[in-house]
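Enquirer: quick one, fold the following:
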Amino acid sequence: MTAPWPELPTHREWLHEQARSLLIFGRRTPSADGGAYWLNDHGEPVPQNGIHTWITARTVHVYSLGHLMGVPGSRPIARAALAGLTGPLHDPEYGGWLASLGPGEPDGTKAAYAHAFVLLAATSAVAAGLEGAPALLDEAAETLLQRFWDDDHGLAVDEWDRTFSRCDPYRGINANMHLVEACLAAADVTGDRAWLERARRISQFVIAQARANQWRIPEHFDADWRPRLELNRDKPGDQFKPYGATVGHALEWSRLLLHLEAALGEPGDTDWFGAARHLFDRAVADGWAADGADGFVYTTDWSGKPVVRQRMHWVVAEALGAAVTLWHRTGDPAYADRYAQWWDYAHRYVLDHDHGSWHHELDEHNRPAATVWSGKPDLYHAFQATLLPLLPLTPSFATAIAQGRLA
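Expert: Residues are numbered from 1 along each chain as shown. Now for the predicted structure:
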């Protein structure tokens with residue numbers, strides 16, 4: 001019997017090669033003024049798209065991991081991106097981080113999504129020993145807890161204006177999902193288990209919502225956290241707030257729940273594994289080859305019918321992560337088989353063998369497209385997909401690599 005791919009030294013070597021190639025592709029992302037550019041299909045900066053906090057923070061995270069892995073050239077890129085978070089993207093007047101800079105006037109929106117990535121970036125930068133990272137971590141944690149964390153509900157609000165005087169009534173799961181990831185990393189770096197408690201509360205809410213909707217996760221809510229299931233029906237392909245159930249997020253939650261279970265170290269009153277398995281099974285049943293062609297559709301309606309049929313690179317990246325994480329958790333060869341199947345798919349269609357990185361969007365026939373995403377903005381999802389098979393369930397990426405636990 002052939003050993004599962006994650007156990008094969010040759011496959012692990014291939015994953016390391018893929019990770020290094022991604023770091024090479026992104027080498028032109030730093031801005032001379034601090035921050036990280038959006039990249040095009042060839043890895044060239046797209047200045048007209050501005051400098052975004054979420055891309056900059058993800059870049060700090062990825063290249064901090066690259067530095068911890070001993071990949072030359074990673075530290076300068078991480079430092080350049082970090083300078084964007086401590087410099088031009090930071091709001092010295094009102095605190096927190098602007099959504100983006102230029103061209104034209106800055107977008108002063110203060111979004112939980114971006115701030116969650118700032119916290120994640122700071123934890124990775126601290127683990128990598130970058131100057132200025134501890135102060136960034138302190139401020140990111142304080143801003144999230146004072147401005148975004150709603151302790152009554154055990155969830156984060158979504159968006160403020162620049163002055164933190166008006167909170168948008170919209171509430172969203174996407175930002176809370178990335179906050180769970182950041183909470184896990186913050187707990188590892190700081191040793192403060194209160195971050196795990198916040199991750200637990202968010203995750204329990206999501207599990208309850210998914211269970212009530214046949215394991216399809218409602219993404220959008222009003223100010224009282226009542227689901228808005230029909231939001232954006234008229235613009236279903238929205239980058240951050242699409243209508244319906246987002247297949248990739250169910251897969252991402254499946255993985256995160258298993259990381260949380262391992263980090264908590266005790267079963268408690270929640271069946272984390274059971275929920276992870278249900279979310280995975282529903283996402284695969286609804287999303288994989290749902291319209292006759294291989295690949296995961298972007299979204300479905302509440303009966304599981306495909307709505308946006310484009311194949312996003314981040315969805316297959318999260319499918320790979322979920323499958324290998326479930327395999328780590330259970331040893332069930334069915335998950336290893338899915339993992340191998342989806343790497344074969346990604347290798348055939350998603351990896352750009354000519355220009356590098358991964359095509360960020362394919363159409364329903366698996367041809368490169370740009371109806372939702374243009375270019376190849378950043379490396380975050382693809383890079384993590386290459387590392388998850390090489391790491392334990394806990395601790396999180398930067399801490400595990402710093403501890404020498406990368407296979």
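Enquirer: how about stretch 271-289: buried residues?
Expert: 272-273, 275-280, 282-284, 286-288 (16 or more other Cβ atoms under 10 Å). For every residue, glycine as well, the C-beta is placed using N, CA and C.
Enquirer: just the pLDDT at residue 268, thanks.
Expert: Per-residue confidence (pLDDT) for residue 268: 86.
Enquirer: then it would be within a helix, right?
Expert: No. According to DSSP: H, G, I helix; E, B strand; the rest coil, residue 268 belongs to no helix; its state is coil.
Enquirer: so it versus residue 301, what's the distance?
Expert: 34 Å (Cβ to Cβ, to the nearest Å).
Enquirer: these two: which is more packed in?
Expert: residue 301 (16 against 11; other Cβ atoms under 10 Å).
Enquirer: let me know whether that one touches residue 245 as I believe.
Expert: Yes. With contact defined as Cβ atoms under 8 Å, residue 301 counts as touching residue 245 (7.5 Å).
Enquirer: how many neighbours does residue 35 have?
Expert: Residues lying near residue 35 (other Cβ under 10 Å) number 28.
Enquirer: try residue 306
Expert: Neighbours of residue 306 (other Cβ under 10 Å): 18.
Enquirer: what's the pLDDT at the nearest residue to it once chain neighbours are set aside?
Expert: Take residue 306 and drop its neighbours on the chain: the residue closest to it by Cβ to Cβ, 6 or more residues apart in numbering is residue 297, 4.3 Å away. Looking at residue 297, its pLDDT is 98.
Enquirer: make sure residue 297 is actually in contact with residue 312.
Expert: No. Counting by Cβ under 8 Å, residue 297 stays clear of residue 312, with 9.2 Å between them.
Enquirer: the more surrounded of the two?
Expert: Higher neighbour count among residue 297 and residue 312: residue 312, with 28 against 24, using other Cβ under 10 Å.
Enquirer: correct me, but the more buried one touches residue 372?
Expert: Yes. Counting by Cβ under 8 Å, residue 372 is a contact partner of residue 312 at 7.1 Å.
Enquirer: what residues do these two have in common as contacts?
Expert: 298, 361 (Cβ atoms under 8 Å, 6 or more residues apart in numbering).
Enquirer: which residues of the stretch 251-400 of the chain fall in helices?
Expert: For the stretch 251-400 of the chain, the helices defined by DSSP state H, counting those that start in this stretch cover 272-287, 313-330, 333-345, 380-387, 397-402.
Enquirer: low-confidence ranges in the stretch 1-150 of the chain?
Expert: Scanning the stretch 1-150 of the chain for pLDDT under 70 picks out the ranges 1.
Enquirer: switch to 90 and redo it
Expert: Regions of the stretch 1-150 of the chain meeting the criterion pLDDT under 90 cover residues 1-2, 102.
Enquirer: before we move on, what about the stretch 151-300 of the chain?
Expert: Scanning the stretch 151-300 of the chain for pLDDT under 90 picks out the ranges 237-240, 266-268.
Enquirer: and if we set it to 80?
Expert: Residues of the stretch 151-300 of the chain that meet the criterion pLDDT under 80 lie in 267.
Enquirer: and the strands in it, which stretches?
Expert: 155-156, 159-160, 171-172, 220-221, 245-246, 299-300 (DSSP state E, counting those that start in this stretch).
Enquirer: dump the ones you listed into TSV; add distance to residue 229 and mean neighbour count as well.
Expert: Converted to TSV, the strands of the stretch 151-300 of the chain look like this (distance: least, Cβ to Cβ, whole Å; neighbours: other Cβ atoms under 10 Å):
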stretch	distance to residue 229	mean neighbour count
strand 155-156	18	24
strand 159-160	20	20
strand 171-172	13	25
strand 220-221	8	22
strand 245-246	9	27
strand 299-300	12	26
